[in-house]
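**Q** Take a look and give me a structure for this.
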Amino acid sequence: MRIVITGKPKSGKTTLVCSLLPLFPDWEGFYTTEIREGKERKGFLIHPSSGKEEILAHKDLSYPHRWGRYRVNLEGLEMILETLRKRIREKKNYWVVIDEVGNMEMLSEKFRSFINNLKDFPGSILLTAGERWLEEVRSIFPYREEYLLRRENWEEVREKIEKRVRREGR
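**A** Sure, this is the predicted structure:
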């Protein structure tokens, strides 16, 4: 099973993924959250299933790569990917969760390769994709269920995915 969730920023993609994680007791992958200081978004954290968080991007840190106002920590992302690759090789029938295929992540050739290699993964995949990257995701996963998330359909999409996952049994 391949499930792709797309939508505009702030549509609730990460919130949806986090709400679905209890359905996947043996998941591998990561989700991202914002780093905030008061009302200001300063950056993003990566929360991998393996436990050790990394900063993905930050306005005030001096990583060598840039996306907009943010400096991107590709080294941290790629360390998480290496751990994830090893953990995936050890298991065969479970869920890989990737939140998200987006602008910052796609700066990394290793991330692009990782996503491309998931096309042969024998388990199930849940991923979110920024609108800019949706065509590339579609080309990698031609057989997928795709959900366009908006604030007004969040609950409906969550229910559909939950029913689908429970029916599939993995």
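
**Q** residue with max distance from the center of this structure?
**A** What lies farthest from the middle of the chain is Gly38; by Cα atoms, centre = their mean that is 25.1 Å.

**Q** if I pick Leu134, what's in contact with it?
**A** Val4, Thr6 (Cβ atoms under 8 Å, 6 or more residues apart in numbering). No exception for glycine: its C-beta is placed from N, CA and C like everyone else's.

**Q** cutoff 10 Å now
**A** Val4, Thr6, Gly7, Val101, Glu146, Leu148 (Cβ atoms under 10 Å, 6 or more residues apart in numbering).

**Q** go on, Tyr147?
**A** Taking Cβ under 10 Å, 6+ apart as the test, what Tyr147 contacts is 3-7, 13, 16, 128, 153, 156-158, 160-161.

**Q** and the gap between it and His47?
**A** 22 Å (Cβ to Cβ, to the nearest Å).

**Q** Show me which positions of the longest helix anywhere in the chain end up buried.
**A** The helix that spans the most residues within the chain, counting by DSSP state H, is helix 74-90. Buried residues in helix 74-90, defined by neighbour count with 16 or more other Cβ atoms under 10 Å: Leu74, Gly76, Leu77, Glu78, Met79, Ile80, Leu81, Thr83, Leu84, Arg87, Ile88.

**Q** can you list those in CSV and add distance to Leu107 and pLDDT?
**A** Below are those laid out as CSV (distance: Cβ to Cβ, whole Å; pLDDT from 0 to 100):
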residue, distance to Leu107, pLDDT
Leu74, 6, 95
Gly76, 12, 95
Leu77, 9, 96
Glu78, 11, 96
Met79, 15, 94
Ile80, 14, 95
Leu81, 13, 95
Thr83, 19, 92
Leu84, 18, 92
Arg87, 23, 88
Ile88, 22, 89
